[in-house]
Each structure stands twice: as C-alpha cells, then as structure tokens.
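Novice: Okay, structure incoming, though there's no sequence with it:
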C-alpha cells in the first residue's frame, strides 16, 4: 500500500513545469505588445501634439526635448530613491557608461530629427520615411555587422515595409522634386536621420546585459538632454507658450516620449530588433488615420495603399516572432532566461 500511494502522488508534481514552459511565449508576447502598442501606436499621436502648439505659437523643438529630458531625469531619480542600494551601481557597471552616453546622445538626435521633421512634412509621410529608414538601417546592422541569418518570413515582412515606403513616398517625392521644395527635402533628410539613429540606438541598448540598464538609460538620457538642450536655448529667441493648451501638448509629448522610450528599449530585449522595427510600423497607420480624421489633411491613394502594405508587414513579423519563440521553446524547454543575442559586442 505504501508503494502505491507514493506512485499515485508523484504525477501531481509534473504539471508544475507547465507555467515555466509557457513563460517564454508570454515574454515574447509582452515584447510584441510593447513594440506594437506602446512603441508604435502611441508614437502616431506625437505629430498632432507637435503641430497644435506649432501652428499657434513659435515653440522650438529644443524646449520639447528639454521637457522630455527633465521628465526622464525626474522619473529616474524617483526610481533610484525607492531602491535599497542607492549607489552608483544603480546605473550599471562603470565600463558600460561610455556606451550609455553614446546611446543617450543617439536617442536625443533621433527624437530631435523626428520631431523637427513633423513640422516640415505631412505627418503620415514623415512617419513612413522615418520607419522605412529605421527598417533599412536595422537590416543592414543585422546582416552586415552581426552576421545574422533571417528567415523567409522576415525577409517578406521587410520587403513589404520597403514596398509600403516606396508606394507612400515616391509620388510625393517626385512632386516635391519638380517644385524644388527645400522645406520638404529637409523633412525627408531629418526623417531618414531619425530612423537611422533609432536603429543604432536600440542596437546599442540590446548589448546591455546588466540589471540596471533601464535606470541607467533614463538617468543618462536625462543628463545628456539637459546638458545639451539647456545651454542651446540661450542661443535662440526663447518664446515660452502662453496658452494652457500648448503646455498640455508639450507635457503630453514628454510623457509619451518617456513611455515610447521605455517600451522600445524593453521590446528590443524581448524579441529580435528587426522584428521590433517591423512592429513599430504601426505608427505609420496611426499617423495616416489621425492625419485624415483630426487634421483633415488629404490622404491620397498611394498613402492608403502604402499603409495597407505596411500593415501586412508587421502582421508577417508578428507571425515570425511567434514562430521563433515556439521553436526556441522546443529546443530549450528548460531555459527560461529569455536573453537575446546582442547585435553589438559588449566590449565596444
């Protein structure tokens, strides 16, 4: 009887492994949601928030970047004050600080270029060019620098991304080229620089493996932003907004910038950076919808077709992310680390 009771009790302990077996899919799902909703959809609301105070008051992008940097710094100080270990190690190992400073500077350039381009071009085209440049730069980093091999589904998603970029922007670019509109050319240039800077910045952040990488990124971004944007405001005519609506828009942009900053950095630690860049294409669809509904700006047939092709691209990349997660779970069923291979060596 003792032997039979022991044998009957043993199978009750086997289902305990099931939750840990499924947690990798849950981690990948969190990365997908962070990139798709927080990093992509919320980004589509920033252009209209920039255009509202810009149309009524002459507000500089340096003022918005300074508010973003101050908010990042305040949140990081708040988080550091609630930690038991309040030493410099809260920012990560000292050997990672140079890379952290470079990452913060690149992210600041990315935000500055993207936000400024919204004032020179229609918001839908701007986000399309920015995300297309980001997709191209991420693909180059993965294929040339990291020597990663991508699957056929990922290539198809990236092809749809570039196809949507060409369909959306090529007619407008040809029209602006015939009119020699330098303002539009400046918008295209800033949008391309913003997308390229974002891909490099997220690749650098993915190389961080220490636990304090999020706190360190917040602190360093806030410090670098305040040190650059604060003195730079002394060299331009400073006009602070006089309306409450302008202040609300600026503070909302700073808050959304913080959420997008954390969501994109979190997503790149959960799923592949190329998949992240494809999921962030949801900003393009959101921007075109807001442009047509709220601002009443005309959205042509090429923009609609391009946004639909872009939507197909991030659907394909979501499917690819789930497939990679399932194969990884089958190959290493007991490995719950969820760490992704870094694109940039940690020795840089």
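Specialist: Alright, I've got the coordinates. Since the structure is predicted, the reported quantities are computational estimates derived from the model, not experimental observations.
Novice: wait, residue 116 sits on residue 191?
Specialist: No. Contact criterion CB atoms under 8 Å: residue 116 and residue 191 do not qualify, at 9.3 Å. For glycine as for every other residue, the C-beta is placed from the backbone atoms N, C-alpha and C.
Novice: So those two - more neighbours on which side?
Specialist: residue 191 (28 against 22; other CB atoms under 10 Å).
Novice: Show me where the stretch 1-150 of the chain has its strands.
Specialist: Assigned strands in the stretch 1-150 of the chain: none (criterion: DSSP state E, counting those that start in this stretch).
Novice: Quick one: low-confidence residue ranges for the stretch 151-300 of the chain.
Specialist: Confidence mapping of the stretch 151-300 of the chain against pLDDT under 70 gives the ranges 172-181, 278, 295-298.
Novice: any chance you could map the helices in it?
Specialist: Secondary structure of the stretch 151-300 of the chain by DSSP state H, counting those that start in this stretch: the helices cover 152-179, 182-206, 213-232, 244-270, 273-279, 282-293.
Novice: which residues does the residue nearest the centre of the chain contact?
Specialist: Taking CA atoms, centre = their mean, the centroid of the chain lies closest to residue 264, which sits 3.7 Å from it. Going by CB atoms under 8 Å, 6 or more residues apart in numbering, residue 264 touches 34-35, 39, 198, 202, 276, 280.
Novice: my read: residue 188 touches residue 113, true?
Specialist: No. In this structure residue 188 lies outside contact range of residue 113 using CB under 8 Å: 11.1 Å.
Novice: And the helices in the stretch 1-150 of the chain, which stretches?
Specialist: Ranges of helices in the stretch 1-150 of the chain, per DSSP H, counting those that start in this stretch, are 2-9, 17-33, 46-56, 61-81, 97-117, 123-140.
Novice: Including mean pLDDT and distance to residue 322, could these go into JSON lines?
Specialist: Below are the helices of the stretch 1-150 of the chain laid out as JSON lines (pLDDT from 0 to 100; distance: least, CB to CB, whole Å):
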{"stretch": "helix 2-9", "mean pLDDT": "48", "distance to residue 322": "37"}
{"stretch": "helix 17-33", "mean pLDDT": "59", "distance to residue 322": "7"}
{"stretch": "helix 46-56", "mean pLDDT": "72", "distance to residue 322": "29"}
{"stretch": "helix 61-81", "mean pLDDT": "88", "distance to residue 322": "32"}
{"stretch": "helix 97-117", "mean pLDDT": "89", "distance to residue 322": "28"}
{"stretch": "helix 123-140", "mean pLDDT": "73", "distance to residue 322": "19"}
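Novice: Can you lay out those as TSV showing distance to residue 206?
Specialist: Formatted as TSV, the helices of the stretch 1-150 of the chain follow (distance: least, CB to CB, whole Å):
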stretch	distance to residue 206
helix 2-9	45
helix 17-33	12
helix 46-56	23
helix 61-81	19
helix 97-117	10
helix 123-140	11
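Novice: which stretch among those comes nearest residue 230?
Specialist: helix 61-81 (6.2 Å; CB to CB).
Novice: ok and the closest one relative to helix 244-270, angle-wise?
Specialist: Going by axes from the mean of the first three to the mean of the last three CA atoms, to 10 degrees, helix 61-81 is angled at 60 degrees with respect to helix 244-270.
Novice: Mind giving me the packing neighbours of helix 61-81?
Specialist: In terms of contacts (3 or more CB pairs under 8 Å, 6 or more residues apart in numbering; DSSP states H and E), helix 61-81 is packed against helix 97-117, helix 213-232, helix 244-270.
Novice: Next, the buried residues of the shortest one.
Specialist: Within helix 213-232, the residues that qualify as buried are 213-226, 228-229, counting by 16 or more other CB atoms under 10 Å.
Novice: Which of those sits closest to residue 244?
Specialist: Proximity of the buried residues of helix 213-232 to residue 244 (CB to CB) peaks at residue 229, which lies at 22.9 Å.
Novice: can you pull the contacts of the closest residue in space to that closest one that isn't next to it in sequence?
Specialist: Nearest residue to residue 229, sequence neighbours excluded (CB to CB, 6 or more residues apart in numbering): residue 66, at 4.1 Å. Residue 66 makes contacts with 225-226, 229-230, 233, as judged by CB under 8 Å, 6+ apart.
Novice: try residue 201
Specialist: 103, 106-107, 110.
Novice: In JSON lines, list those along with distance to residue 51.
Specialist: Below are these laid out as JSON lines (distance: CB to CB, whole Å):
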{"residue": "103", "distance to residue 51": "29"}
{"residue": "106", "distance to residue 51": "25"}
{"residue": "107", "distance to residue 51": "22"}
{"residue": "110", "distance to residue 51": "19"}
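Novice: No more questions from me, cheers.
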